[in-house]
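Engineer: sequence first, then the predicted structure, then my questions.
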Amino acid sequence: MVFVLAKVAFMLLCGEDHEYGINDVCQVVQHGLGLDLSTALYFLIVPFLLCAVQIWYWHKWLNKLLQVYFLIISLAFALAFVADTSLYPFWGFKLNATCLQYLESPNEMAASVSTTYLIWRFLAIAIATIIIFDGYRHRFPVKISMPTKQKLTELIIYILSIPLMVIGIRGGVSESTTNTGQVFFSQQLFLNHSAVNPVFSFLSSFEHGEDDYYHYNYFEPEEMDGILKDVYTTESVGIDTLLTTQHPNVIVILLESCGAVFTELGGHPETMPRFSQIANEGICFTQCYGNSWRTDRGTVCTLSGWPSFPNVSVMKMPDKSQTMPSIAKTLKQANYQTHYLYGGDINFTNMRGYLIATGWDHLTSMDDYPKSQVTSKWGVADDVTFETVYQMATTIQQPYLIGFSTLSSHEPWEVPVSQFDDEIQNAFYYLDQCIGTFIDKLKQSPVWDNTLVVMLPDHGIQYQQLDETKPLRNLIPVVWTGGVVKAPKRIDKICNQSDLAATLLGQLGKSHDDFTFSRDVLSSTYRYPMAVHNYNNAQSMIDSTGFILYDFDANRFIKRDSKDADRMLKVSKAILQKTTNDLKER
């Protein structure tokens, strides 16, 4: 009840520049309830344990202890609510640990506002603390005499309640745990932010400590910029035009875990024969490397043309991810309809929040399918979702941008075919058949002639002896197909999946100046072909001179297969410094 009332207060106090009605308030409360419950259960743990103790032993110190506890959380909640409503108009995102940075400079912080402003905030904190504590102070246990049998019964009830509390705290029994993105439901960020519990937002932000991504400082700014002079050139100049039109429908398909090792590029054409056929008939980028090793990271790299980081996921940081450029945002400005489909739990790793914040208007997930079609651990099987994409492509208003993340080629590798004994290889064969069927049907539809289909993995995987020390581990096949492709072509330039955004927008004649770290591979300005990949505080890099892998915890090379490894390491470090500086400023 405290959290619900805080939401209403937040909307009243911060909604001056936002349009909303009673129905919107109800939607905010409804969508925020799950996060509120999870947060409430965190703070219920102490009273829960103390009340369990009082079944067998009661003393006045229990009341005093609970009184102190309730006073502390009342003050903490009041601070969170007032800070959230005070900072939101300035920052535009929910309360997080960033505010603690400014406590080191209270004079500068106070200089930003008037004395009256501060007085009102202190009064608000005091009043809110008193009101909240007054609600709690009547909840103390009282001394009750009961027979041993009843005590045992109550104790059993308490023990049986523990799993329910754990489930409530983590947000259910699905793969995804409670996160702020699960409450996002509207194209209005203000309504999404209103639904976010500020206490949860603040506490969860500690999962991303500054040291995780701000400590890569190796060079003075001038030296860093000099090292990166020809690395991130984003202009599209004298590009090789691959398409027959600059206004096609666009379908971007992220193929779960589909590294090149499972394709003709990796020496296994038998695993994905249809994909190889489509690649040979279309445009194939043969030396593209995944930026990262997880879906949440690879999705941002692909759709926002943005780098990844060794220790943090930008998708899980709503205040950062909402500032990202994206293909969807850019094409919306050209009157494209934007749809995204993921057959799993779209709340996983804050995916919903990221997609809505970056311009995807219509989201479809496993929640939109009947339960009979949710046949795998992760959600709806790929053959079903590919059919949904086909229906979208042939029915929604043109021009459109459709994004689609597959999911069946993932542990536990459960697919409805048995072509190979190797369950992993078998899962990618199933994905290949789904791709082939989809492309065959789309070719027979009237939209084919004006459609571009872009297929690429979100990341590769460690398969058999293939680990991070081998470039093939992160080599990903990128294929463009569709009726707008002029002719088959192989592009053998080294690049990253984050370069898709600038390369695609360059072909569509759209500006991509805001994609700072995405390069148009087909532009004459692309003079230094290279790719980076990072994971777990390590980063690899590949260019024409070779391959290196460097561990930043150990401060040493894990792989040094280049005649110019020291220069490559300087570039690799400068990239991390430049990109993390950009992240810090967002």
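Structural biologist: Everything's here; your move.
Engineer: what's the helix or strand for Pro477?
Structural biologist: strand 475-481 (DSSP states H and E).
Engineer: mind giving me the packing neighbours of that strand?
Structural biologist: Secondary-structure packing of strand 475-481 (3 or more Cβ pairs under 8 Å, 6 or more residues apart in numbering; DSSP states H and E): helix 273-281, strand 283-289, strand 451-457. The way it works is simple: take the backbone N, C-alpha and C, and place the C-beta from them, glycine included.
Engineer: the ones you listed: which one's closest to Glu235?
Structural biologist: Closest to Glu235 of these, according to Cβ to Cβ: strand 283-289, at 19.5 Å.
Engineer: could you point out which element follows the closest one?
Structural biologist: Heading C-terminal from strand 283-289 (DSSP H and E), you reach helix 295-304.
Engineer: all helices in the stretch 451-586 of the chain, in order from the N-terminus.
Structural biologist: 500-507, 565-585 (DSSP state H, counting those that start in this stretch).
Engineer: highest average neighbour count across those helices?
Structural biologist: Highest mean neighbour count of those: helix 500-507, a mean of 26 (counted as mean count of other Cβ atoms under 10 Å).
Engineer: now the host helix or strand of Thr153: buried residues?
Structural biologist: According to DSSP H and E, Thr153 maps onto helix 148-170. Under the neighbour-count criterion of 16 or more other Cβ atoms under 10 Å, helix 148-170 has 168-169 buried.
Engineer: what mean pLDDT does it get?
Structural biologist: Helix 148-170 shows a mean pLDDT of 88.
Engineer: use 37 as the first number for this chain going forward.
Structural biologist: OK, 37 is where the count begins now, so the last one is helix 184-206.
Engineer: just the residues contacting that helix, thanks.
Structural biologist: 73-74, 77-78, 80-81, 84, 87-88, 91-92, 182, 209, 213-214 (Cβ atoms under 8 Å, 6 or more residues apart in numbering).
Engineer: which SS state does Ala42 fall under?
Structural biologist: At Ala42, secondary structure determined by DSSP: H, G, I helix; E, B strand; the rest coil is helix.
Engineer: for it, give me its contacts.
Structural biologist: 113, 117, 234.
Engineer: just the pLDDT at it, thanks.
Structural biologist: The model's pLDDT for Ala42 equals 95.
Engineer: roughly how far apart are Gly545 and Ala88?
Structural biologist: The gap separating Gly545 from Ala88 is 67 Å, by Cβ to Cβ, to the nearest Å.
Engineer: picking that back up, out of the helices of the stretch 487-622 of the chain, the one nearest Phe158 is which?
Structural biologist: Of all these, helix 601-621 comes closest under Cβ to Cβ, at 30.4 Å.
Engineer: what mean pLDDT does the closest one have?
Structural biologist: For helix 601-621, the mean pLDDT works out to 95.
Engineer: and what of stretch 136-156?
Structural biologist: pLDDT averaged over stretch 136-156 gives 69.
Engineer: neighbours around Thr424, how many?
Structural biologist: 19 (other Cβ atoms under 10 Å).
Engineer: so for the helix or strand where it lies, mean pLDDT?
Structural biologist: Using DSSP H and E, Thr424 maps to helix 418-431. The pLDDT scores in helix 418-431 average 98.
Engineer: compute the inter-axis angle for that helix and strand 487-493.
Structural biologist: 150 degrees (axes from the mean of the first three to the mean of the last three Cα atoms, to 10 degrees).
Engineer: buried ones in helix 418-431, by neighbour count?
Structural biologist: The neighbour-count check on helix 418-431 (16+ other Cβ under 10 Å) flags 418-422, 424-426, 428-429 as buried.
Engineer: now find how far off-centre that helix is within its chain.
Structural biologist: 24 Å (Cα atoms, centre = their mean, to the nearest Å).
Engineer: over to stretch 262-282?
Structural biologist: 27 Å.
Engineer: give the buried residues for it.
Structural biologist: Buried residues in stretch 262-282 (16+ other Cβ under 10 Å): 263-264, 267-272, 275, 278-279.
Engineer: ranges for the helices of the stretch 337-486 of the chain?
Structural biologist: 354-357, 363-368, 387-393, 418-431, 459-479.
Engineer: could those helices be laid out in CSV, adding distance to His54?
Structural biologist: Shown next, in CSV, are the helices of the stretch 337-486 of the chain (distance: least, Cβ to Cβ, whole Å):
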stretch, distance to His54
helix 354-357, 17
helix 363-368, 20
helix 387-393, 15
helix 418-431, 31
helix 459-479, 40
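Engineer: between these, which one is closest to Asn591.
Structural biologist: Nearest of those (Cβ to Cβ): helix 354-357, 27.1 Å.
Engineer: what comes up buried for the closest one?
Structural biologist: Here helix 354-357 shows 354-357 as buried, counting by 16+ other Cβ under 10 Å.
Engineer: which residues touch it?
Structural biologist: By Cβ under 8 Å, 6+ apart, the surrounding residues in contact with helix 354-357 are 127, 129-130, 132, 134, 216-217, 232, 237, 336, 350-351, 386, 389-390, 393-394, 619, 622.
Engineer: 10 Å instead, please
Structural biologist: Under the contact criterion Cβ atoms under 10 Å, 6 or more residues apart in numbering, helix 354-357 has outside partners 127-132, 134, 215-217, 220, 225, 228-229, 232, 237, 240-241, 244, 249, 332, 336, 340, 342, 348-351, 386, 389-391, 393-394, 618-622.
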